[in-house]
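In: Quick one: sequence plus predicted model below, questions after.
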Amino acid sequence: QVQLEESGGGLVQAGGSLRLACVASGRTTSSYPMAWFRQAPGQEREFVAVVSWSGEMTSYADSVKGRFTISRDNAKQTVYLQMNSLKPEDTAVYYCAVARWLHGLYFSAEEYDYWGQGTQVTVSS
């Protein structure tokens, strides 16, 4: 079993920055891709960014490309999401997740087995 705990959310003005962190405990996650998803009120959970087990490969949703950066520190079992130039449409609960398989990059929530409780990000205009 893996437990995930997100932190770093909050209220920020448009154009501002936040850095989310997700710490894993229990079974090691260093061999698995990890991702961030988000869910706004009344909307489905959507993919934001994913990082390979080594940190060498990343992929982003078009809506955040060039503004968000995902990274990981396997020694700390932590994955980060640096969010810059935030927009009101980025407002959502952000979740980190651990993929079901060891290799590759995955973009669907169905391909992830473990999820955190989420952290709220609110961007005011």
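Out: Yep, that arrived. Residues are numbered from 1 along each chain as shown.
In: Residue ranges in the chain under the pLDDT threshold?
Out: Regions of the chain meeting the criterion pLDDT under 70 are absent.
In: what are the bridge partners for the residue nearest the centre of it, then?
Out: Residue closest to the average C-alpha location in the chain (C-alpha atoms, centre = their mean): Trp36, at 2.1 Å. As for beta bridges, Trp36 partners with Ala49, Cys96 under DSSP bridges.
In: Can you name the residues that contact it?
Out: Going by C-beta atoms under 8 Å, 6 or more residues apart in numbering, Trp36 touches 20, 22, 48-50, 70, 79, 81, 94-97. C-beta here means a position set from N, CA and C on the backbone, and glycine is covered the same way.
In: right, and out of those, which lies closest to Asp113?
Out: Ranked by distance to Asp113 (C-beta to C-beta), the contacts of Trp36 are led by Ala97 at 7.9 Å.
In: what about that closest one, distance to Thr78?
Out: According to C-beta to C-beta, to the nearest Å, Ala97 and Thr78 sit 14 Å apart.
In: And for Ile70?
Out: For Ile70, the distance to Thr78 (C-beta to C-beta) stands at 12 Å.
In: What ranges does this protein have for its strands?
Out: Using DSSP state E, the strands of the chain run over 2-7, 10-13, 18-26, 34-39, 46-51, 58-60, 68-73, 78-83, 92-99, 112-115, 119-124.
In: quick one: which of these is nearest Tyr106?
Out: Comparing those by C-beta to C-beta, strand 92-99 comes nearest, at 5.0 Å.
In: quick one on the thing from earlier: out of Ile70 and Thr78, which sits in the busier spot?
Out: Higher neighbour count among Ile70 and Thr78: Ile70, with 23 against 18, using other C-beta atoms under 10 Å.
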